[in-house]
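> okay, here's the prediction I keep looking at, along with the sequence it came from:
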Amino acid sequence: MDEKQIQARQEMSRRVREAIDKKMGLETSDLWNNVKLSMANITRRAAQSAEPAQAFDFDLHDLWYILMQSAKVTPADSPVQAWLVTQVLYARELGALQRPAAVEGEGGSRAVVRTAEGVIWTDLPFLVADVTEAWRGSEKLPLVERQNLGAFIARLVAVGVCDPLLGPCALWSLHGALEAPVDTESEPELETKVDGVNGVVEEKGENGESRKNGENGNHTSPAEAVMVALVWLRYCGHKLLIWSMQNLQVSEEQGEGFSLARWARWKLLLDSMRDSEDITLANCALRGHNLMEQVEMDFGIPT
């Protein structure tokens, strides 16, 4: 693609994302259907058209953007979350797409469609990078959207999508909630209302100002951090324990990676939080501790 074509495709991508973002505010969003349609469109064009392979780099980035925006507005425990994961698995199982070899400048009759980061769909190009980037920036999201996105990524981890390259996302959450030092003196006094499924739904400060689901920018309370960590324990706890038993090293940023020693430390830290004066934090810690014990029991590990 020449510079003019690239700029045109970038503008198209901007418009696609703008339209998707507008849909996120609708009560009856059908973003999940956009995921399916986008996958079908990429498959058809990649296999049949003479478009340069670079064009599909943009398409794939847009697809993963739509997928994650859909996950953010889909409740963590909704069957639609599982459906979104199934779509990723479905795409991967389509295998290596092929197109007329002449388009790729190769000999033979058919050639594999390659992007800058692997084969469509076998390698799920750009998925890991785009999911990782989205999760890194998720602290700015409302709490419920962050929980929803975390649940979706955790479900991907549970079924082995790009295994183990999404592991750092789980480590960041567990490290941030359980291992990172918390400046409790700077925490504002908040009156908290809690939903058993979605977590914090409204908080009021000393002056009566209302804040819903992490609306105040980058501020994340200890209770909120543990709520986010809970989705990882709930939706891919078994995989996290397997990685811990394997001493899996997935990210230099998080030091030791996964290990049974670190797993045990997380469990002890949750146990200690059960005595917190913050009732929300104490209840979340109890749930997290119980989830870890249940996973251990499933594997026959003494709790």
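That came in fine, so what should we check first?
> helix or strand for Met292, which one?
helix 279-298 (DSSP states H and E).
> try Cys236
Secondary-structure assignment from DSSP H and E places Cys236 in helix 222-245.
> any buried residues in that helix, and which?
Across helix 222-245, burial judged by 16 or more other C-beta atoms under 10 Å covers 222-237, 239-241, 243-244. In short, each C-beta sits where N, CA and C put it, glycine included.
> tell me the first helix or strand C-terminal of it.
helix 260-273.
> same for that following helix, what does it pack against?
helix 222-245, helix 279-298 (3 or more C-beta pairs under 8 Å, 6 or more residues apart in numbering; DSSP states H and E).
> mind doing that once more with 6 Å?
helix 279-298 (3 or more C-beta pairs under 6 Å, 6 or more residues apart in numbering; DSSP states H and E).
> for the helix it packs on, list the C-alpha coordinates in CSV.
Listed next in CSV are the C-alpha coordinates belonging to helix 279-298 (Å, rounded to 0.1, in the frame of the first residue of the first chain):
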residue,chain,number,x,y,z
ILE,A,279,-16.8,-4.2,54.6
THR,A,280,-16.8,-4.2,50.8
LEU,A,281,-13.1,-5.1,50.8
ALA,A,282,-13.6,-7.8,53.5
ASN,A,283,-16.4,-9.4,51.6
CYS,A,284,-14.5,-9.4,48.3
ALA,A,285,-11.4,-10.9,50.0
LEU,A,286,-13.6,-13.7,51.4
ARG,A,287,-15.0,-14.5,48.0
GLY,A,288,-11.5,-14.5,46.4
HIS,A,289,-10.1,-16.7,49.2
ASN,A,290,-13.0,-19.2,48.7
LEU,A,291,-12.5,-19.2,44.9
MET,A,292,-8.8,-20.1,45.4
GLU,A,293,-9.7,-22.8,47.9
GLN,A,294,-12.3,-24.3,45.5
VAL,A,295,-9.7,-24.4,42.6
GLU,A,296,-7.2,-26.2,44.9
MET,A,297,-9.9,-28.7,46.0
ASP,A,298,-10.7,-29.4,42.3
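> give me the mean pLDDT for it.
Per-residue pLDDT over helix 279-298 has a mean of 98.
> list the buried residues in the strand or helix carrying Asp62.
Asp62 belongs to helix 54-72 when assigned by DSSP H and E. Residues of helix 54-72 classed as buried: 55-72 (neighbour count, 16+ other C-beta under 10 Å).
> same thing with stretch 123-134?
Result for stretch 123-134 [16+ other C-beta under 10 Å]: buried residues Asp123, Leu124, Pro125, Phe126, Leu127, Val128, Asp130, Val131, Thr132, Ala134.
> from Arg14, how far off is the spatially most central residue of the chain?
The residue lying closest to the centre of the chain (C-alpha atoms, centre = their mean) is Ile153, at 3.2 Å. Distance, Ile153 to Arg14, by C-beta to C-beta, to the nearest Å: 25 Å.
> likewise Leu240?
37 Å.
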